[in-house]
Structure formats: structure tokens, C-alpha cells
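Chemist: Need coordinates for the below:
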Amino acid sequence: MQPLAERMRPKTLDDYIGQKHLVGKNAVLRKMIESGNVASFILWGQPGVGKTTLAQIIANTLDLPFFTLSAISSGVKDVREVIDKAHSQGMFIKNGNPILFIDEIHRFSKSQQDSLLGAVENGTITLIGATTENPSFEVISPLLSRCQVYVLNPLENGDLLELAERAISEDIELKKFKIKIKETDALLRFSGGDARKLLNIIELVANAEPSETIEITNELVTERLQQNPLAYDKDGEIHYDIISAFIKSIRGSDPDAAIYWLARMIAGGEDLKFIARRLVILAAEDIGLANPNALLLANACFDSIHKIGLPEARIPLAETTIYLATSPKSNSAYLSIEQAIGIVEQTGNLPVPLHLRNAPTKLMKDLGYHKGYKYAHDYDQHFVELQYLPDKLTKTRIWQMQDNPQENKMTEYVRKLWKGRY
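Modeler: Below you'll find the predicted structure:
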């Protein structure tokens, strides 16, 4: 018998739950599918948010040849065979190109991705890829430039509960039980925005109960999952729950916990590049200016794991993890860019002060471009007081320094230069 998640897979957009920004009324993918004019695109999101389902809905909706490959089990030869079939069938259709759906496209090597370029470029196929990894890192630039990337979000609590109620009332197997969802906190927490995980939990709970009348409570869900900790989605748990514990342990300056969660991920077969990327992000976001060397070491770690594999790659990962966990912390850079982006969104495109603009032509010089600009290196200490922010933001403070030795030195320096500002 198929798992509940497969039995509940929707066949039409109207049955599809979540991702309203992509498939809601007048949203980009809905309009594309309804028009039949589908361009190549990549779906990026965590497991269980509807990537494969969306591809299958397209297959069901459009009267076009539809081919599927899994990057886990397919090679260049398989890609070429599918492209040849698509070319043969495409000669007889006038309303679009054959569609090739590639699941886990981030697992394709460079040569495998290269083999797709010509067919996508000349319209032999329309490519739809699905990935849980950032396409910027995992998809080659020439292929990425030929595809639009759409981000699928974790399902919201309302979406998950709607799906749960639909499963209980519509699934032929679950209808044999009298299931009532009495409490939702544990169900939603363990699901983590993942529809497949939610349905697997419900099925696990239902199959484990001796009675046909079942009340789903926080206690029951927690108890069943503790008894079967990997029964519902091993990959999902490792990939999201443990990486969360890993990051929070480093942020919390606990090297013992951080190295433990690192070991759990390595033992669970986690993608080392995924771990290294998260270390780079953390070095900038959570350590930042308190210790700029952290970002250098994290980048070096990311570099090194591309050159060496396991078991040796675990050593630079461990070194970086311990270094970041024991480093002083600051998120002032993260807070500053968040605040700056907020200001930009509020104030729009404020004009650049005239004295900061380049003046490569006579007309620009006549209009006052560059007039009054002072070259800092011509002055004592390579500094001269000048307005660099737009006129409407001259009194705005964005960088809020934090109390650590490195930023204290930086603060002391800028306070000497910008008297009264900091």
C-alpha cells in the first residue's frame, strides 16, 4: 500500500495547498500553467513543500510529452536518451516543448548539467528542476541563466492543519478510524513546515493505536515519535532539526554541543557542503566584526572540503566549528544590513548627493556633479568630514556597534573622526 503522503498527493492546482505566492490567483506559476506557455524553471525549497507535486500537476494539466529523471540514479547517458526522445516527439507537437522534470538537480555533476544546456537553449525541452540546495551554489551558471528560480516556502500552520483535516476526512484508509485532532502544537512542531512529514506522523500515530477512535494530542504525538524517532522522515530530521541545534550551539558558544551535532550530521550522511555553507553564514551573521578572522577560516573550510573528502574533511569542519563556538560574538553587521534594507524599502530611491556623483562629461560638470567632493587621502589621517548619506538621512544612524574588544577599537576610531556622531 502506498504511504499516506503519496495517496494524498494532489492532481490539480485547486487541490494544491500552500505556495500562494506561486500558484494562488494571478500568481506567476498558475498563470504560466493555465496558459500552457511554460518556460524552464527551478523549484527551490526544503523537503515536503510541494516541488515534485507541482511538477506532476503540470504533467497532468498540460497536453505535452513529460519526462522525469532523478539526479540520484541518472547519468549523462540517461539525459541524452531523454533529450533524443523529446526531440523525436517534439517534432509532432505545436503547442509547446516536451517537459523534462529533474528531481534533486543539485546532485547532477557539472558534466551532467552541461549535457542539458543545448536542449534547453534551442527549445528541445522545457526544463523543470527541483532542489533542496541553493541553486546559486549547486547549478552551473549557464544553466541557471536559462532558468527562472522559484522559492517554495515551508508550509504555514494553517496549510498543515488544512492538509491534516483533508487527510482524515478523505483518505480511504484513515476513514476507517475516527480521528480527531485535539491538540496541534506537537504535530506542527515536529512537521516543521513539511507536508510529507505531517502526513507520515498522522499515519504513524493512527497505525500504532489499538482503538479505532483516536484523539491526536501533543502527548500522543511526542510519545509515538520517541518510540519511532526516524520512522517518519530521517533525512528531514537530520537536515533541519539537527542543523538548527548545530547553529544554535555555536551561537551559544558551546563547543561540546556544537561538535556533537556536527558528528550527528556526518554520521547521518549530511552533505558536507551544506554544513560548510552554514558555517560561512554563521561566521558573518553571529560573529561578524567581533572577530573578522572567523569568516576567513569558514571560507577556508568551505574551500578545503571541495578538495578533500571524508574521512579527512571532518577535521577542518571540526576545527572551524570549535573556533566559531569559542569566538566572541556580534551580530551588528547582520542588524545593520537588515536596518539599512528596511530604510531603503521605506524611503525608496533617494538621490545621490551631487558631490558624490561622477562627472565624466561637460554637461554633468555644468550640472554640479562631483562639485565639492573632497578626496580623503589628501587630508590628515586620510579623513575629511563630508556628507555621504542622502540629504534626507544625514542624521540617521545605522551601524550600532556592540561591546567587544574588536568593535570597541573600531568605535573609538570612528568617534575620533566623526565627533558627536557616534
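Chemist: What residue in this structure is the furthest from its centre?
Modeler: residue 366 (48.1 Å; CA atoms, centre = their mean).
Chemist: That one and residue 386, how far apart?
Modeler: 22 Å (CB to CB, to the nearest Å). C-betas here are computed from N, CA, C, even on glycine.
Chemist: The helix or strand harbouring residue 189 packs against which elements?
Modeler: Residue 189 is part of helix 185-191 when elements are defined by DSSP states H and E. Applying 3 or more CB pairs under 8 Å, 6 or more residues apart in numbering; DSSP states H and E, one finds that helix 185-191 contacts helix 157-170, helix 195-208, helix 218-227.
Chemist: just the ones you listed: most buried one?
Modeler: Looking across these with neighbours counted as mean count of other CB atoms under 10 Å, the highest average goes to helix 195-208: a mean of 22.
Chemist: one step back: mind checking which of the helices and strands packed on helix 185-191 is nearest residue 422?
Modeler: helix 157-170 (42.6 Å; CB to CB).
Chemist: wait, isn't residue 135 in contact with residue 108?
Modeler: No - counting by CB atoms under 8 Å, residue 135 stays clear of residue 108, with 11.5 Å between them.
Chemist: higher neighbour count, the two?
Modeler: Using other CB atoms under 10 Å, the more surrounded residue of residue 135 and residue 108 is residue 108, with 26 against 19.
Chemist: Leaving out sequence neighbours, find the closest residue to that one.
Modeler: residue 71 (4.7 Å; CB to CB, 6 or more residues apart in numbering).
Chemist: what does residue 288 give?
Modeler: In space, residue 288 is closest to residue 333, 4.1 Å off (CB to CB, 6+ apart).
Chemist: isn't the one you found right up against residue 291?
Modeler: No - Residue 333 is not in contact with residue 291 according to CB under 8 Å; the separation is 11.7 Å.
Chemist: next structured bit after the lowest-mean-pLDDT helix or strand in the chain?
Modeler: Every helix and strand in the chain was compared by mean pLDDT, DSSP states H and E; the lowest is helix 234-236, with a mean of 49. The C-terminal neighbour of helix 234-236 among helices and strands, as given by DSSP H and E, is helix 243-251.
Chemist: Could you export the helix or strand following that following helix as CSV, keeping only the C-alpha atoms?
Modeler: With elements assigned by DSSP H and E, the helix or strand that comes after helix 243-251 is helix 255-267. The C-alpha trace of helix 255-267 is given here as CSV (Å, rounded to 0.1, in the frame of the first residue of the first chain):
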residue,chain,number,x,y,z
PRO,A,255,31.8,23.8,21.6
ASP,A,256,30.9,20.4,23.2
ALA,A,257,27.3,20.6,21.9
ALA,A,258,28.4,22.0,18.5
ILE,A,259,30.9,19.3,17.9
TYR,A,260,28.3,16.6,18.9
TRP,A,261,25.7,17.9,16.4
LEU,A,262,28.4,18.1,13.8
ALA,A,263,29.2,14.4,14.4
ARG,A,264,25.5,13.6,14.2
MET,A,265,25.3,15.2,10.8
ILE,A,266,28.5,13.5,9.5
ALA,A,267,27.3,10.1,10.8
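Chemist: Identify each buried residue in helix 255-267, please.
Modeler: 255, 257-259, 261-262, 264-266 (16 or more other CB atoms under 10 Å).
Chemist: helix or strand right after it?
Modeler: Next in line after helix 255-267, if elements are assigned by DSSP H and E, sits helix 272-282.
Chemist: Remind me what that following helix packs against, helices and strands.
Modeler: Using 3+ CB pairs under 8 Å, 6+ apart, helix 272-282 sits against helix 243-251, helix 255-267, helix 293-307, helix 314-325.
Chemist: Indicate which one of these is closest to residue 40.
Modeler: helix 293-307 (27.4 Å).
Chemist: If I take that closest one and helix 314-325, what angle do their directions form?
Modeler: 170 degrees (axes from the mean of the first three to the mean of the last three CA atoms, to 10 degrees).
Chemist: tell me the angle helix 293-307 makes with helix 272-282.
Modeler: Taking the same axes, to 10 degrees, helix 293-307 and helix 272-282 form an angle of 170 degrees between their directions.
Chemist: With only the CA atoms kept, save whichever strand or helix holds residue 413 in CSV.
Modeler: For residue 413, the element it lies in under DSSP H and E is helix 405-417. Written as CSV, here are the backbone C-alpha positions of helix 405-417 (Å, rounded to 0.1, in the frame of the first residue of the first chain):
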residue,chain,number,x,y,z
PRO,A,405,37.3,44.3,22.0
GLN,A,406,37.3,44.5,18.2
GLU,A,407,34.3,46.7,17.9
ASN,A,408,35.4,48.9,20.8
LYS,A,409,38.6,49.7,18.8
MET,A,410,36.5,50.4,15.7
THR,A,411,34.1,52.6,17.7
GLU,A,412,37.0,54.5,19.2
TYR,A,413,38.4,55.2,15.8
VAL,A,414,35.2,56.5,14.2
ARG,A,415,34.3,58.6,17.2
LYS,A,416,37.6,60.4,16.9
LEU,A,417,36.8,61.1,13.2
